[in-house]
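Enquirer: Please work out how this folds:
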Amino acid sequence: MNDSTSHADAPTAPPPAAAPPIAPPAKSTRRRNFKVLAVVVALCAVGYAGYWYAYARHFESTDDSYVDGDVVQITAEVPGTVIQLHADDTQFVARDQPLLELDPADAEVAVSNAEATLARAVRSVRALFAQADQLRAEIRDREVEFGQAAQDHERRLGLLSDGAISREELQHTQDKITEVRAMLTAAQEQLHETTAQIDGTTIPTHPQVLAAIAAVRDSSLALRRSRITAPVAGVVARRSVQIGQRVAAGTPLMGIVPLDSVWVDANFKEVQLRDMRVGQPVKLRADMYGGSAVYHGKLVGLSAGSGTAFALLPAQNASGNWIKIVQRLPVRIALDPNELRAHPLRIGLSVTASVDIRDTSGPLVSEQVRQVPIPSQASLSKDPEEDARIAQIIRENLALPKDASKIAANLSR
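Expert: Model (predicted):
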């Protein structure tokens, strides 16, 4: 009761006094701040103008640049069923490394059949040469027989006048001459027919044998093509084949990207191309490495047309609602192989390119062939083991000595 009364009777505190109003800054202070700001802006403008005049105006840059390269398409050259796979996406493969294998059963049968055909051809041509020798011997016998028949006729012709022989016996000698002459003529014609087939050739160079050799090479080539190897070194991409799949000739199986020979396609605006020339140095930075890796490339060519000119659906500018759009032209930039090995790139990565355009003595159009040649695959048309096998087949069916080095040398030419 007493406590409540004491609180009620206590005096209330006076309200706080209002803060005094802040005085506005003086006009002189505001004017000084504006002057400082104007000086800073002027210095920045002068600095940028000096930087542009001394350095920046000699460079053209774009971030519309991307890494590009060759994608070597691996296709099946012969039909077959895939029985083994030796490479997969993202894996690196060396040149001539096996990629996949097709079932070689059909090709092996074809090789055996072709080798048998070659042996049969060698024996057939060998028989032609033997037949020619036989016909020459037969002609010599017929010529001797014809001379004897002629002499018998002459002797009996003298005896007929003396009455020692009859006219019928003389007629028999005449018939003998006619018969031998006919057999001699037939043998000569057979010899002409046989020599027409072998004239100017030997057994290994006879057309029938050469055709059989070509069949052996063709079947052996198909057998070797059942084992597909990498034509270049690179990274496997877009593998679409599976084990057990039946593929036809020409079926795309996978791609190989040789990352040591990629380049950059930079898309510059048409207003940036005035001073660009082939051979100018280029600095590039890939977004993949940020600013830590700098590539030093070289401008090797300008595209023959803008991107829209080669588009699948080119723009139809001859229309009433035409709006001018600044076009971009792809510029090809070659990279330093050593820098690529130190910091590998992948196709499609974004790159910032800056071209030094101070030297304008280079040509507008590239007059040189590609500086980095496209890797090529070794030909499969020649195989020393195949030549040795063909020479062995010919030797065995000719019954010649074991030394067939001359035959093998002729086949490898």
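
Enquirer: Okay, buried residues for stretch 246-254 please.
Expert: Buried residues in stretch 246-254, counted by 16 or more other CB atoms under 10 Å: 247, 253, 254. All C-beta atoms are positioned from the backbone trio N, CA, C, and that covers glycine.

Enquirer: next one: that stretch to chain centre, how far?
Expert: 16 Å (CA atoms, centre = their mean, to the nearest Å).

Enquirer: One more: stretch 139-151?
Expert: 69 Å.

Enquirer: Tell me where the chain has strands.
Expert: Under the criterion DSSP state E, strands of the chain are mapped to 59-68, 72-75, 80-85, 92-93, 98-102, 227-229, 234-237, 246-247, 252-257, 263-269, 281-286, 294-302, 328-334, 350-356.

Enquirer: Which among the ones you listed is found nearest to residue 190?
Expert: Residue 190 sits nearest to strand 80-85 of all the strands of the chain, at 48.0 Å, using CB to CB.

Enquirer: Parallel or antiparallel, list what pairs with the closest one.
Expert: strand 98-102 (antiparallel), strand 246-247 (antiparallel) (DSSP bridges).

Enquirer: Could you pull out the buried residues of the first one?
Expert: Yep, that's strand 98-102 we're talking about. So, applying 16+ other CB under 10 Å, buried residues of strand 98-102: 99, 100, 101, 102.

Enquirer: repeat for stretch 58-69
Expert: For stretch 58-69, the neighbour count (16+ other CB under 10 Å) marks 60, 62, 64, 65, 67, 68, 69 as buried.

Enquirer: Name the nearest of those relative to residue 274.
Expert: Nearest to residue 274 among the buried residues of stretch 58-69, with distances taken as CB to CB, is residue 60, at 9.1 Å.

Enquirer: in this structure, which helix or strand is least confident?
Expert: helix 2-9 (a mean of 46; mean pLDDT, DSSP states H and E).

Enquirer: Would you mind giving both backbone torsions of residue 363?
Expert: Main-chain torsions, residue 363, degrees, to the nearest 10: phi -80, psi 160.

Enquirer: close enough to count as contact, it and residue 278?
Expert: Yes: counting by CB atoms under 8 Å, residue 278 is a contact partner of residue 363 at 5.2 Å.

Enquirer: Between these two, point out the one with more neighbours.
Expert: Shown here are residue 363 and residue 278; by other CB atoms under 10 Å, residue 278 has more neighbours (18 against 11).

Enquirer: how close does the nearest residue to that one once chain neighbours are set aside sit to residue 211?
Expert: Spatial nearest neighbour of residue 278, chain neighbours left out: residue 362 (4.6 Å); criterion: CB to CB, 6 or more residues apart in numbering. Separation of residue 362 from residue 211 (CB to CB, to the nearest Å): 56 Å.

Enquirer: got a list of what residue 264 touches?
Expert: Going by CB atoms under 8 Å, 6 or more residues apart in numbering, residue 264 touches 65, 66, 67, 68, 282, 284, 297, 332, 333, 335, 351, 353.

Enquirer: Looking at the buried residues of strand 98-102, which is nearest residue 178?
Expert: Using CB to CB, residue 102 is the member of these that sits closest to residue 178, with 67.8 Å.

Enquirer: pretty sure residue 201 is in contact with residue 207, am I right?
Expert: Yes: Residue 201 is within contact range of residue 207, at 7.3 Å (criterion: CB under 8 Å).

Enquirer: When the two are compared, which one has more neighbours?
Expert: It is residue 201, of residue 201 and residue 207, that has more neighbours when counted by other CB under 10 Å, with 16 against 12.
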